[in-house]
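# I would like the atomic coordinates for the input below:
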Amino acid sequence: MTKGIALQRTAFYKFHSDRGAKFVDFAGWEMPISFGSVIDEHNQVRTKGGLFDVSHMGRLKLTGRHVRRLLERILTRYITDMADKSCRYALVCNEQGGVLDDVILYKFPSHYMLVVNASNRQKILEHLNTVAKDESLIVKIDDQTESTAMVALQGPRVMEKIGEFSREVPTLKRYSFCEKNLLILKMTISRTGYTGEDGVEVIMGSMMAEKAIKLLVKESPNPEENVMSSVGLAARDTLRLEAAMPLYGHELSETIDPLTAGLDFAVTLNKEELDRGEKFIGQDALKAIKAAGLKQKRVGIKFEGKRTPRQDMTVVSDGSKVGYVTSGCLSPTLGYPIAMAYVDVAVSEIGTKLSVDLGNGKTIDGEVVALPFYKKP
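Have a look, this model is predicted:
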C-alpha cells in the first residue's frame, strides 16, 4: 500500500468483514485473502461451492463505430465471428509478442465488455486509448469497474443451487452468458471461472450488490448446509494452480509470449486473412517465434515430500539451470507439492526428472507431468 493512499473497497467489503475476512492489499484494493482455513476453503470449492469476490477486476464497456476493429487490433484472437451473449478468452500483446494482459471479452447485442486483471486495468485503458487515437478509430471506452461489482460462484453443486431461482442459467454453455433481473437488479451471468470447476461469474450494479448476493447465496445457520461459502484469494490461487490456469505476473508477463505459455488456442496467427479480420499488435513477432521454434515451454512438475517450490526458484537438470518456477503450492486436492515452470524444450517431455533449487544447498526432486494437475470428475 502506498503511504497516504487509501485502498479501494468493493461493494462486498461489509459482507466479507461480517464473515471474518482477513484483508490484504491487492492491486490497490482491500480484498479478502481468507476467511479462516485456506485448505478448508479450497476443499469447499472442490466438493460443494465457493463465493469469490472478483470486483477488483477491471470491467470496460466499449462502444462506437470502430469498436470491433479496435478489438481485432489489440486482441490475439479473432472475435468478428462471436455470437451475441458469448465470451471469449484472449490476450493483449505488445509489438514484441509479450503479454500485456489476458482478458475475457463479452459480446452484447449493443456493445462489448472487456474484463481485465486488476493490476493491468490502467495499462490496458491507456493502450486502448492510444491505439484508437493513433489509428483514428471512433470508440468510446467506459470504465465501469467502480460502478459495478463481480462475483464468481464455483463448484460442483453451484448449478444445482442456482437452479433454485433460474432455469436458464444451468443450461448455459461454457463461455456464454445471459442477462437476468433479480428484484430491481440487472445481472450478467456467464458460465466462466478460474478454478477448474463448473460455475458462473456474475456482474451487477454495485449499489444493490450486497443485497443481491445474500439472495443468491441464501446462507443457512448450519454451516454444513451451505453450498456456497465465502472463499478468499489464497484458495483461488491454489485452485487455479491445480487447474493449470496462468496468472498474470507469474505465468504471463510483458516478456513472456502466449505461444511459450502454451496458449496457442487463444492466438489467431492469420487474422488478416479472415472476414473483416485485422492483423493484431504483436502478430508478426509471434509468427517469427513460431517459425524459429520455441526455446522454452510451460510445464507442470509434481514433487515428493512436503517442501513447496516458489516463484523464481531455479529448475535444474543434471546440475545445469534449465528454467524457473512461476507458481507452486502444496496441492490440497492431490496431497503433494506441484508447480508450473518454464523449462528448456529439451527437458519438457512428460516423465522427465527435474529438480528445484530451494537455496542453502537444498533441492527437491520432481517429475514433469501433464497439465492440468487436476480435472473435475
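# neighbours of Ala235, just the number please.
Ala235: 26 surrounding residues under other CB atoms under 10 Å. (C-beta placed from N, C-alpha, C; glycine too.)
# no, scratch that, I was asking about Gly335
8.
# now it, what's its secondary structure?
For Gly335, the assignment made with DSSP: H, G, I helix; E, B strand; the rest coil gives coil.
# Let the chain start at 13 from now.
With the count now opening at 13, the last piece we talked about shows up as Gly347.
# ok, Thr75 to Tyr124 distance?
Thr75 sits at a distance of 8 Å from Tyr124 (criterion: CB to CB, to the nearest Å).
# more crowded one of those two?
Set Thr75 next to Tyr124 and count neighbours by other CB under 10 Å: Tyr124 wins out with 20 against 14.
# ok, Asn55 - contacts?
344-345 (CB atoms under 8 Å, 6 or more residues apart in numbering).
# Can I take it that it is in a helix?
Yes - under three-state DSSP, Asn55 sits within a helix.
# how about the strands in the stretch 113-262 of the chain?
124-128, 152-155, 160-166, 189-194, 197-202, 211-217, 241-242 (DSSP state E, counting those that start in this stretch).
# Neighbouring strands - and their directions - for the fourth one?
What that stands for is strand 189-194. Applying DSSP bridges, strand 189-194 is found paired with strand 197-202 (antiparallel).
# angle of the partner strand against strand 124-128?
Relative orientation of strand 197-202 versus strand 124-128 (axes from the mean of the first three to the mean of the last three CA atoms, to 10 degrees): 70 degrees.
# buried set for strand 197-202?
Buried residues in strand 197-202, defined by neighbour count with 16 or more other CB atoms under 10 Å: 199-202.
# Then stretch 107-124?
109-120, 124.
# returning to what we had before: okay, the strands of the stretch 113-262 of the chain, which one's buried deepest?
Across the strands of the stretch 113-262 of the chain, averaging neighbours per residue (mean count of other CB atoms under 10 Å) puts strand 160-166 on top, at a mean of 25.
# And the contacts of that one?
22-24, 57, 61-67, 69, 71, 127, 173-174, 205-207, 209-218, 221, 225, 228, 240, 251.
# Alpha carbons of the lowest-mean-pLDDT helix or strand in the chain, in CSV - could you do that?
Within the chain, no helix or strand scores below helix 221-229, which has a mean of 82 by mean pLDDT, DSSP states H and E. Taking Å, rounded to 0.1, in the frame of the first residue of the first chain, the C-alpha atoms of helix 221-229 are listed here in CSV:
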residue,chain,number,x,y,z
ALA,A,221,-24.8,-5.9,-4.9
GLU,A,222,-24.7,-6.9,-1.2
LYS,A,223,-28.4,-7.4,-1.1
ALA,A,224,-28.3,-9.5,-4.3
ILE,A,225,-25.5,-11.7,-3.2
LYS,A,226,-27.4,-12.6,0.0
LEU,A,227,-30.4,-13.6,-2.1
LEU,A,228,-28.1,-15.7,-4.4
VAL,A,229,-26.3,-17.5,-1.6
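# Output the contacting helices and strands for that helix.
In terms of contacts (3 or more CB pairs under 8 Å, 6 or more residues apart in numbering; DSSP states H and E), helix 221-229 is packed against helix 25-30, strand 160-166, strand 189-194, strand 197-202.
# which stretch among the ones you listed comes nearest Leu137?
The closest of those to Leu137 is strand 160-166. By CB to CB, the value is 15.5 Å.
# which residues does Met162 form a beta bridge with?
Taking DSSP bridges as the rule, Met162 bridges to Ile215.
# Whichever of the contacts of strand 160-166 end up buried, select them in ChimeraX.
Per 16+ other CB under 10 Å, the buried members of the contacts of strand 160-166 correspond to this ChimeraX selection:
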select :22,23,24,57,61,62,63,64,65,66,67,69,71,127,173,174,205,206,207,209,210,211,212,213,214,215,216,217,218,221,225,228,240,251
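# Just the buried positions in the lengthiest helix in the chain, please.
Secondary structure of the chain per DSSP state H: the longest helix is helix 133-146. Residues of helix 133-146 classed as buried by neighbour count (16+ other CB under 10 Å): 133, 135-137, 139-140, 143-144.
# His123 and Ala246, how far apart?
For His123, the distance to Ala246 - CB to CB - is 35 Å.
# of all the strands of the stretch 113-262 of the chain, which lies closest to Glu290?
Nearest to Glu290 among the strands of the stretch 113-262 of the chain is strand 124-128 (14.7 Å), distances taken as CB to CB.
# Give me the contacts around the closest one.
Residues outside strand 124-128 that contact it (CB under 8 Å, 6+ apart) are 69-75, 79-80, 83, 113, 115-118, 136, 156, 162, 200, 215.
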